[in-house]
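Asker: I'd like to go over a predicted model; first the sequence, then the structure.
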Amino acid sequence: MKTLPTNTRGCIAHKRVCPLSSAISTAARRRGHSNRVPSIGRVRHVVKARLGDEEPDWEKEMSIFKQRTMRPNQLATLRELESKVNLGRVLWCQDSLAIMTGINPDAPIGTKLAFVSGGSGILLWHRSDNLAFAIIAGGASSIKPGDSVECKIRGILQVLDETRGPITRKEYELMQAPAGDSLYGAVVNYIGQPITEVDTPANSAAVQKHKSKTAAVAALNAQQQGEEQQQQLKRPGVMTSWEEDDGPDIAGHGIDALGLERLKPLINQQVAMKNRDQITESLFTGVKALDTLTPLGRGASLLVIGPNGSGKTTLALDAIQGCQKGARIRCVLSSTTQTAEQLDRRLKVLEAAGCLDNTAVFFAPPDATLGTRLATVMAAAAAGERIRDEGGHSLVVLDDLAPLSDAWDKLVLALADLGQEKLREGLIKDEAGNDVALSPQTEQELVDYEGMLVSGAVAQRRGFFSILFLRAAKLHSSFGGGSMSLLPLVPGRPASGTKAQIDMSKYQTLSEEQKEKLSAMLEKKKAAEAAVMALSVGPGEVKTETVEEFISIADGQVVLEPSMNAPSTSSEAAVGPVPFSVNPKLSITRVGSRAYYKALEHLAPQIRLDLAQAEDARKFATNQDDPVLRRYEAYSQRIAAALQQQPGEPVPLEELVVILFAIQSGLADTVQPRDVSAFLAEGLDLLRRDNAKVLTDIAKSKQLTAASEKGITETFKSLLQQRGSQ
């Protein structure tokens, strides 16, 4: 589209040339005064020169001239019309969330909102052409149903569309989030203000700077009491996205914000498919089970699913440490499940490992409003996008994803309270994109959503969740080749696979005794699965149905087993790092082997295959004393032992390659499963001491050569001989 000249006037559309206006223009140009009207004598002279002896109808010509010169500029009129925004109305507001009606349907998500009460908000989702959801950022206590609300406009664009011709459209103002380098090493709220309760070097420096500035302002105000001086010395540094004097409704308000040297939209549009590149690069995390079973590709989204106390936060912090060794990936963490004191204890681990300076932390306490916690999650994604868009690579850890699903559930329930018609509004659209009115009989009608036939309600929910998931992307090299990977933590459990009760009357060939035994076995299994499902939604956990929805959108998932020593609290930080155990059967990735380094490309997939074969052997075995079954059991136990690791100890790539090669080559076959971890640790120590070149070569080339394989084999055989002689 091409921009039209701003001085184009409406009279250019008329084909008839006005002699009078043409004469005036010609006379003025000849005299060198383009803005001065020439004398009437001069005009008559020019007209006669053009028309000869014919005397024009001066009254008629003057009438035409006045009509054309007094006609308003067409594009100016369009600009004036476009600058007018729809005045919407608040239908419901609670927990820093709002449902509105009547705002501009063409406003993109992330647009700033202004409420008549003086509060501000962020457009979160268009439910229909008439209904919209929003996050209330400031002044939530003063906003009530019935209040007016409007979208903020940045300007009016005049463009030339290739198909529609000249058009005029609004450019809406988006709510910006801090994304600058000064965020790294600090713990801030979603507008960049440091959290004073968390003690990091960057936070301490920001707080001390604020205290010094406040003291200087107070001293100067004591000398200059005039109103003008006080206004000039008003507290600096508050983000310009907030118009209200009281600021946003979040902790940390009053301290100068960090990260404002770079800004990104808080809720951003997803990257277009044509601007993306295929995910072919590995983001190594140092978490053995994750890197082996479900590798994380740069630009992918990988869920970490597990109930309370399963070690999700521990895994995430290990991944932050591991990905910064060598590659120095920029990391962003959003924390909405821990108190400031608990987060401070967990961040000490990153600080001790030297990773905190390369990690930005966005924080909202668990008792913060739902809208604030959701905005904190979105702000972390915005900071990661800035690194990606500048050609870098970032890992964004979301601890956890509950605010996204909780916000949707709360807004949909509020719609139901407003009436079933509101709940059905916008579920289905016609081919032109207009809302279709639904009745109770047609509300479950299926629609095509990204190649799937789902109900309108499911399509809406998937679209809402996707505004976060699809922000993960690997950009094409023509756009810098950067990437942002997502590692969202999901408190909950995937579906257990419980089936409907089987009708035994259909099995005519079974005896009554066989039917009774089979029924008893199935009932026992059903009771066990029901007991698990009854515990599947603990405090602060996400419903299984929503977990499955997340799984269907993300690029893969790591499922953690429930810990036998799981804490009763929903936050692992209350008890410190929790060891985690990965379920290899339920953990998958859709990226495939493309996300492996060459050194793991053949080793890691074989581990998954071996575990699957062991599972099949257990399932179909008729004799528990079968030697084949016992061999599979021992092998799978050795693999499980090899993939275990202590919290806070990420494993570098070269060591993981050695561990997997030793297991698959049979070098640990004579070792009891309970001794495998110690055996592998001894082998690595011996390799570092006697043949360190093997580790160096793997780390440098990211490949496992024949020479490296020979060195590993010789070292571990030597260890076996030493252990055998003892």
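Answerer: That came in fine, so what should we check first?

Asker: in the protein, which residue is closest to the centre?
Answerer: Nearest residue to the geometric centre of the chain (Cα atoms, centre = their mean): residue 468, 3.7 Å.

Asker: my guess is it contacts residue 377, does it?
Answerer: Yes: Residue 468 lies in contact with residue 377 (Cβ atoms under 8 Å); the separation is 7.0 Å. (Each C-beta comes from the backbone N, C-alpha and C, glycine too.)

Asker: overlap in contacts of these two?
Answerer: residue 404 (Cβ atoms under 8 Å, 6 or more residues apart in numbering).

Asker: show me what contacts the residue lying closest to residue 586 once chain neighbours are set aside?
Answerer: The shortest distance from residue 586 to any non-neighbouring residue, by Cβ to Cβ, 6 or more residues apart in numbering, is to residue 559 (4.0 Å). Residue 559 sits next to 305-306, 494, 582-583, 586-587 when contact means Cβ under 8 Å, 6+ apart.

Asker: from those, which land in strands?
Answerer: 305-306 (DSSP state E).

Asker: identify, from the contacts of residue 559, the entry nearest to residue 206.
Answerer: The nearest member of those to residue 206, counting by Cβ to Cβ, is residue 306 at 34.4 Å.

Asker: and that closest one, what does it touch?
Answerer: Neighbours of residue 306 in contact, by Cβ under 8 Å, 6+ apart: 312, 490-493, 559-562, 580.

Asker: check what pLDDT it gets.
Answerer: Per-residue confidence at residue 306 stands at 92 (pLDDT).

Asker: separation between it and residue 396?
Answerer: 19 Å (Cβ to Cβ, to the nearest Å).

Asker: now residue 197
Answerer: Residue 197 is 23 Å from residue 396, by Cβ to Cβ.

Asker: so between those two, which is more surrounded?
Answerer: Between residue 197 and residue 396, residue 396 has the larger neighbour count (other Cβ atoms under 10 Å), namely 29 against 16.

Asker: give me the number of neighbouring residues for the closest residue to the more buried one other than its chain neighbours.
Answerer: The shortest distance from residue 396 to any non-neighbouring residue, by Cβ to Cβ, 6+ apart, is to residue 384 (3.9 Å). Residue 384 is flanked by 30 other residues according to other Cβ under 10 Å.

Asker: residue 384 - that's part of a helix, no?
Answerer: Yes: under DSSP: H, G, I helix; E, B strand; the rest coil, residue 384 sits within a helix.

Asker: which residues are in contact with it?
Answerer: Residue 384 neighbours (Cβ under 8 Å, 6+ apart): 330, 332, 394-396, 471, 484, 486.

Asker: again, only this time at 7 Å
Answerer: 332, 394, 396, 484 (Cβ atoms under 7 Å, 6 or more residues apart in numbering).

Asker: and those as a markdown table, adding pLDDT?
Answerer: Putting the contacts of residue 384 into a markdown table (pLDDT from 0 to 100) gives the following:
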| residue | pLDDT |
| --- | --- |
| 332 | 96 |
| 394 | 95 |
| 396 | 97 |
| 484 | 96 |
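
Asker: report the two of those residues separated the most.
Answerer: Longest distance between any two of those is 8.9 Å, between 332 and 484; criterion Cβ to Cβ.

Asker: next, show the common contact partners of these two.
Answerer: 384, 394, 396.

Asker: distance of the first one relative to residue 332?
Answerer: With distances defined as Cβ to Cβ, the gap from residue 384 to residue 332 amounts to 5 Å.

Asker: joint contacts of those two?
Answerer: Joint contacts of residue 384 and residue 332 (Cβ under 7 Å, 6+ apart) are 394, 396.

Asker: now for the contacts of residue 559: which two are most distant?
Answerer: 494 and 582 (13.2 Å).

Asker: so where's this protein uncertain?
Answerer: For the chain, the stretches with pLDDT under 70 are 1-56, 65-83, 164-166, 210-211, 214-254, 426-454, 496-510, 524-537, 563-576, 725-726.

Asker: can you give me the strands for the stretch 1-150 of the chain?
Answerer: Assigned by DSSP state E, counting those that start in this stretch, the strands in the stretch 1-150 of the chain fall at 2-3, 88-94, 97-101, 112-115, 120-126, 131-138, 148-151.

Asker: could those strands go into TSV alongside mean neighbour count and distance to residue 350?
Answerer: Below are the strands of the stretch 1-150 of the chain laid out as TSV (neighbours: other Cβ atoms under 10 Å; distance: least, Cβ to Cβ, whole Å):
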stretch	mean neighbour count	distance to residue 350
strand 2-3	9	48
strand 88-94	20	36
strand 97-101	24	32
strand 112-115	24	34
strand 120-126	24	30
strand 131-138	27	29
strand 148-151	21	40
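
Asker: let me know which of these is the nearest to residue 256.
Answerer: Closest among these, using Cβ to Cβ: strand 131-138, at 17.5 Å.

Asker: okay, the angle between that closest one and strand 97-101?
Answerer: Strand 131-138 runs at 140 degrees relative to strand 97-101, counting by axes from the mean of the first three to the mean of the last three Cα atoms, to 10 degrees.

Asker: and strand 131-138, what does it pack onto?
Answerer: Secondary-structure packing of strand 131-138 (3 or more Cβ pairs under 7 Å, 6 or more residues apart in numbering; DSSP states H and E): strand 97-101, strand 120-126, helix 370-389.

Asker: ok, which of those comes nearest residue 415?
Answerer: strand 97-101 (6.6 Å).

Asker: what lies in contact with that closest one?
Answerer: Contacts of strand 97-101 (Cβ under 7 Å, 6+ apart): 88-92, 121, 130-136, 143, 149, 370-371, 407, 410-411, 414-415.

Asker: again, but for stretch 683-701
Answerer: Counting by Cβ under 7 Å, 6+ apart, 599, 652-655, 657-658, 662, 704-705, 708, 711-712, 715-716, 718-719 sit against stretch 683-701.

Asker: any of the residues you listed buried? List them.
Answerer: Buried by 16 or more other Cβ atoms under 10 Å: 599, 653-655, 657-658, 662, 704, 708, 711-712, 715-716, 719, out of the contacts of stretch 683-701.

Asker: ok, those residues vs residue 178, which is closest?
Answerer: residue 653 (33.2 Å).

Asker: mind checking how far residue 473 is from residue 466?
Answerer: On the measure of Cβ to Cβ, residue 473 and residue 466 end up 12 Å apart.

Asker: looking at the two, which is more packed in?
Answerer: Counted by other Cβ under 10 Å, residue 473 and residue 466 do not tie: residue 473 has more neighbours, with 27 against 13.

Asker: tell me the contacts of the more buried one?
Answerer: 271, 276, 299, 388, 483-484.
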